[in-house]
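Enquirer: fold the following for me, if possible:
(2 chains)
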Protein chains: 2
Amino acid sequence: MTTVSAATWLDVPADHPFGIATLPYGVFGTASDPDPRVGVAISDLILDLAPAVRVLAPELAPAVAGPSLDTLLAAGPRAWSRVRALVTTWLTDAGYSDRLAPHLVPARDAVMHLPFTVADYVDFYASEQHATNLGRMFRPGQDPLTPNWKHLPIGYHGRAGTVVGSGTDVVRPSGQRRGADGEITFGPSARLDIEAELGFVVGTPSRLGAPVDLARFDEHVFGACLVNDWSARDIQAWEYVPLGPFLGKSFATSVSPWIVPLAALEPARVPPPARTVPLLPYLDDAATPPWGLDVRLEVRLNGHVVSRPRFEGMYWTPAQMLAHLTANGASLRTGDLYASGTISGERPDQRGSLIELSWGGAEPLRLPDGTTRTFLEDGDEVVISASAPGADGAVIGFGEVRGRILPAHQAPR
Amino acid sequence: MTTVSAATWLDVPADHPFGIATLPYGVFGTASDPDPRVGVAISDLILDLAPAVRVLAPELAPAVAGPSLDTLLAAGPRAWSRVRALVTTWLTDAGYSDRLAPHLVPARDAVMHLPFTVADYVDFYASEQHATNLGRMFRPGQDPLTPNWKHLPIGYHGRAGTVVGSGTDVVRPSGQRRGADGEITFGPSARLDIEAELGFVVGTPSRLGAPVDLARFDEHVFGACLVNDWSARDIQAWEYVPLGPFLGKSFATSVSPWIVPLAALEPARVPPPARTVPLLPYLDDAATPPWGLDVRLEVRLNGHVVSRPRFEGMYWTPAQMLAHLTANGASLRTGDLYASGTISGERPDQRGSLIELSWGGAEPLRLPDGTTRTFLEDGDEVVISASAPGADGAVIGFGEVRGRILPAHQAPR
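Expert: Alright, predicted model coming up:
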């Protein structure tokens, strides 16, 4: 695929995160037309895709119709390429400006929605540094990485029904936890945390019983988004043996409103870290060749940057996660979302969760406003943003995923 | 709610599992009219519900329209009661026989479908005997029940997209496993197993952030079905620490075609086992009052009964599972399915999985046909059926969930 480098006729700075090289997809409404519909972000505008396509490329109208990205996701990789190529042409050939102008909406006037119907949600655990940090805290005295960790990308299913759009407030969950004194109580989580992750959105379904090989990743995955997998560490620690995290995670998972298509991320492909144990053939990507993504995240707490995780350090690649997810024949559906797990780097300021940043609460974070944090307090707002390098100095923006903590609904019972 | 005891004008033996006291809902098609639609089973017939309702109770037509139970599930408990009362009246008052006759289809002519769209699928672990048996085998030398087991109903999310209808063949999954010699290989599961469970189907959604109290179970849950949670024990054993079962379960979960409404199960309510540790208020059902279900299952392997699990021994009740699932504010959607986990009793012939029946493969089962089994072989067919006591000697049947094992798709890689 050729990398887009043409300039748009719109007045967009070359390094704008939503420049012509990004063109992410989302679902928006406006005050005058609140019906949710598919949009493409370009600088500070949103292209109202369906009416533009109806006029300029009517044969593609069915693929971009409706109140979500679901139809576009299901349309498959040829349609994804066609739509992206057309939008690129329209925005770079000034001859289209008169016809597009009526369909360009200021982003500040838009209300963004959850962009697609989440089918199944899977969360992986693909950062070696994060798994090591968590292992040290959750299983002290044992090898921090479990014996399987470097043989397969560990993952589990999360709750699809509580995946929410950016900006949705998160009510502090209550639950069971065991105190340091062994007492078991029910009440608002005292260790409410974030997890800064990338998510991958499946477009093309697969057949039950038919694994998706590493090399076929591009046929199935549409794009990537930001995920904040909110986590109640006290609930999680008490419940998770032996069947894994459940209520410590299932109260909310926030995703960004813009899905960055895979095509926009091609210039950001980088080799993954060296494998330190041999892989079984279905995960061995030496020949594919393997690629991770140079995506740089920023985690802000009440406006202050508290971490800058980098996806390029992830041990397992997006294609390996998908190959593993389907290795047993499990089928994919349009709208399946799988997330990377917390992205944490070697450096303390690259850790993607507060439990790591405050080392289990033992080393409070000092914020520039003079306050300290171990875990989230009521009223705290977390914003995770990210960008990746494009070609010729372009910046590929992911936008942001935002959420604010509301107090627990009721007193401890 | 009054228990139905009237006789139907159809010629149905008093102890027929699909007599007038059961009236389960399913989705069927026929050769002459293959479109999936809602049906009610009565003896060996299926009432084609939508056309009957259109004529006899048009105000309820929207609730039973469409190709699945989804609309009926979403219609809520008042609609569920109305529809059940009407169908009962129509089938007991011979004055309706002429009008109903055109809408009664022989069950043998019907193709049954997955009856509803599965939103989220959760699997619990509610049998003390099963958890004890598995703990002994998976974590030898440790306390078989984890410290949390009697404080909360342990559960985890499974893959909703691979829940399949009864009769769907199950391809033997391949996956990673670690041999006794420590060697890690990929290949067809050599320890393919069943789990005989009851599933509960959510109709009425709940609001994000609002737990569903024990006493409000009836407002949200529509009915129960049979679940076979196929499990690849070798894959599961290697992958499940620390985030729980994933590929060992996600390749297929089979559900029965008939959903038995809660109202039919009222005569089967029985007290749960005595609690041996105090419960936190949100799980303490002493005042509700608590009830389990006297449902008797039968597991047949290639036609031979290998187990007779009884649901009445389950430590955690269906209402406790739902209260726990939502205690953190996680919302329910129409079509959420949660299963009990394997139903195993005290007696060896009441164990609901082969890993228990053959004690991890050490004690092969001898079948009446002279063969032996530890785990499932290619071509094996498993049928799980169940019934519960109704009023006045009636039998409440669940029908059956059936599945056959096909060979793995490809040689080990």
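Enquirer: quick one: pLDDT of the residue of the stretch 201-350 of chain A found nearest chain B?
Expert: Proximity of the stretch 201-350 of chain A to chain B (C-beta to the nearest C-beta) peaks at residue A:244, 2.2 Å away. C-betas here are computed from N, CA, C, even on glycine. pLDDT recorded at residue A:244 is 97.
Enquirer: run a quick neighbour tally on it.
Expert: Residue crowding around residue A:244 was assessed by other C-beta atoms under 10 Å in any protein chain shown; the count is 27.
Enquirer: now residue A:192
Expert: In terms of burial, residue A:192 registers 25 neighbours under the definition other C-beta under 10 Å.
Enquirer: that one reaches residue A:173, doesn't it?
Expert: Yes. With contact taken as C-beta atoms under 8 Å, residue A:192 and residue A:173 are classed as touching, separated by 7.5 Å.
Enquirer: alongside chain B, which residues does the stretch 51-200 of chain A contribute?
Expert: When proximity is defined by C-beta under 8 Å from any C-beta of the partner chain, the stretch 51-200 of chain A lies next to chain B at A:119-120, A:122, A:125, A:135, A:138-139, A:146-148, A:151-152, A:154-162, A:164, A:171, A:173-176, A:178, A:184-186.
Enquirer: where do the helices sit along the stretch 251-400 of chain A?
Expert: Assigned helices in the stretch 251-400 of chain A, in chain order: A:318-326, A:354-357 (criterion: DSSP state H, counting those that start in this stretch).
Enquirer: next, format these as CSV and append mean neighbour count and mean pLDDT.
Expert: Supplementary listing: the helices of the stretch 251-400 of chain A in CSV, determined by neighbours: other C-beta atoms under 10 Å in any protein chain shown; pLDDT from 0 to 100:
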stretch, mean neighbour count, mean pLDDT
helix A:318-326, 26, 98
helix A:354-357, 26, 98
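Enquirer: can you pull the residues that touch both of residue A:192 and residue A:173?
Expert: residue A:232 (C-beta atoms under 8 Å, 6 or more residues apart in numbering or on different chains).
Enquirer: where does pLDDT dip in chain A?
Expert: Applying pLDDT under 70 to the predicted model, the residue ranges of chain A that meet it are A:1-6, A:410-413.
Enquirer: now do 90
Expert: Low-confidence segments of chain A, defined by pLDDT under 90, span residues A:1-8, A:14, A:138-139, A:276, A:287-289, A:409-413.
Enquirer: domains for it, by residue range?
Expert: A:25-113, A:121-406 (automatic domain parsing).
Enquirer: what is the end-to-end distance of the longest one?
Expert: Criterion C-alpha to C-alpha, to the nearest Å; first-to-last residue distance in domain A:121-406 is 24 Å.
Enquirer: is residue A:296 in a bridge, and if so with what?
Expert: residue A:310, residue A:387 (DSSP bridges).
Enquirer: over to the one 5 residues further on?
Expert: Beta-bridge partners for residue A:301, by DSSP bridges, are residue A:304, residue A:382.
Enquirer: what sits against the residue of the stretch 201-350 of chain A closest to chain B?
Expert: When the contact criterion is C-beta under 8 Å, 6+ apart, the partners of residue A:244 are A:156, B:156, B:240, B:242, B:243, B:244, B:245.
Enquirer: okay if I get the residues you listed as TSV plus distance to residue B:361 and secondary structure?
Expert: Compiled in TSV, the contacts of residue A:244 are given as follows (distance: C-beta to C-beta, whole Å; DSSP: H, G, I helix; E, B strand; the rest coil):
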residue	distance to residue B:361	secondary structure
A:156	26	strand
B:156	24	strand
B:240	18	coil
B:242	25	coil
B:243	25	coil
B:244	23	coil
B:245	19	coil
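Enquirer: helices or strands up against the longest strand out of those in chain A?
Expert: In chain A, with assignment by DSSP state E, the single longest strand is strand A:395-406. On a contact count with 3 or more C-beta pairs under 8 Å, 6 or more residues apart in numbering or on different chains; DSSP states H and E, strand A:395-406 meets strand A:170-171, strand A:221-228, strand A:253-255, strand A:260-261, strand A:381-389.
Enquirer: what lies in contact with the longest one?
Expert: Outside of strand A:381-389, the residues within contact range by C-beta under 8 Å, 6+ apart are A:17, A:194, A:196, A:198, A:226, A:228, A:256, A:260, A:265, A:267-268, A:293-303, A:311, A:376, A:395-405.
Enquirer: ok, residue A:97 to chain B distance?
Expert: According to C-beta to the nearest C-beta, to the nearest Å, residue A:97 stands 43 Å off from chain B.
Enquirer: so who does that residue touch?
Expert: Contacts of residue A:97 were listed using C-beta under 8 Å, 6+ apart, and they are residue A:9.
Enquirer: repeat that for 10 Å
Expert: Contacts of residue A:97 were listed using C-beta atoms under 10 Å, 6 or more residues apart in numbering or on different chains, and they are A:8, A:9, A:10, A:90, A:91, A:104.
Enquirer: next one: phi and psi at the second one?
Expert: Okay, so that is residue A:9. Phi and psi for residue A:9, reported as degrees, to the nearest 10, are phi -80, psi -10.
Enquirer: just the buried residues of the longest helix anywhere in chain A, please?
Expert: Once chain A is assigned using DSSP state H, the helix that runs over the most residues is helix A:77-92. Residues of helix A:77-92 classed as buried by neighbour count (16 or more other C-beta atoms under 10 Å in any protein chain shown): A:77, A:79, A:80, A:83, A:84, A:86, A:87, A:88, A:90, A:91, A:92.
Enquirer: for that helix, C-alpha coordinates in PDB please.
Expert: Output of helix A:77-92 as PDB, limited to C-alpha atoms (Å, rounded to 0.1, in the frame of the first residue of the first chain):
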ATOM      1  CA  PRO A  77     -10.500  -5.100   3.700                       C
ATOM      2  CA  ARG A  78     -11.200  -4.200   0.100                       C
ATOM      3  CA  ALA A  79     -13.900  -1.800   1.100                       C
ATOM      4  CA  TRP A  80     -11.700  -0.400   3.800                       C
ATOM      5  CA  SER A  81      -9.000   0.400   1.300                       C
ATOM      6  CA  ARG A  82     -11.500   1.800  -1.200                       C
ATOM      7  CA  VAL A  83     -13.100   4.100   1.300                       C
ATOM      8  CA  ARG A  84      -9.800   5.300   2.600                       C
ATOM      9  CA  ALA A  85      -8.400   5.900  -0.900                       C
ATOM     10  CA  LEU A  86     -11.500   7.900  -1.900                       C
ATOM     11  CA  VAL A  87     -11.600  10.100   1.200                       C
ATOM     12  CA  THR A  88      -7.900  10.800   0.700                       C
ATOM     13  CA  THR A  89      -8.500  11.800  -2.900                       C
ATOM     14  CA  TRP A  90     -11.500  14.000  -2.000                       C
ATOM     15  CA  LEU A  91      -9.400  15.800   0.700                       C
ATOM     16  CA  THR A  92      -6.300  16.300  -1.400                       C
END
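Enquirer: dig out what residue A:178 forms beta bridges with.
Expert: Under DSSP bridges, the residues paired with residue A:178 across the bridge are residue A:184.
Enquirer: for it, grab the count of nearby residues.
Expert: One way to gauge burial is a neighbour count; for residue A:178, by other C-beta under 10 Å, it gives 16.
Enquirer: need the next SSE after the longest helix of chain A, C-terminal direction.
Expert: helix A:97-100 (DSSP states H and E).
Enquirer: centre of the chain to that following helix, how far?
Expert: The gap between where helix A:97-100 is centred and where its chain is centred comes out at 33 Å by C-alpha atoms, centre = their mean, to the nearest Å.
Enquirer: swap in stretch A:300-316?
Expert: The gap between where stretch A:300-316 is centred and where its chain is centred comes out at 12 Å by C-alpha atoms, centre = their mean.
Enquirer: CA atoms of that stretch as CSV?
Expert: Presented in CSV, the C-alpha positions along stretch A:300-316 are these (Å, rounded to 0.1, in the frame of the first residue of the first chain):
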residue,chain,number,x,y,z
ARG,A,300,-2.7,12.4,32.3
LEU,A,301,-4.3,12.5,35.7
ASN,A,302,-6.2,15.7,36.4
GLY,A,303,-4.2,17.3,33.6
HIS,A,304,-0.8,16.2,34.8
VAL,A,305,1.2,13.8,32.7
VAL,A,306,2.0,10.8,35.0
SER,A,307,3.2,8.3,32.5
ARG,A,308,4.4,7.9,28.9
PRO,A,309,4.1,4.2,28.0
ARG,A,310,5.4,3.0,24.6
PHE,A,311,3.7,0.2,22.7
GLU,A,312,6.9,-0.8,20.8
GLY,A,313,8.2,-2.6,23.9
MET,A,314,5.3,-5.1,24.0
TYR,A,315,6.6,-8.7,23.9
TRP,A,316,3.6,-10.1,22.0
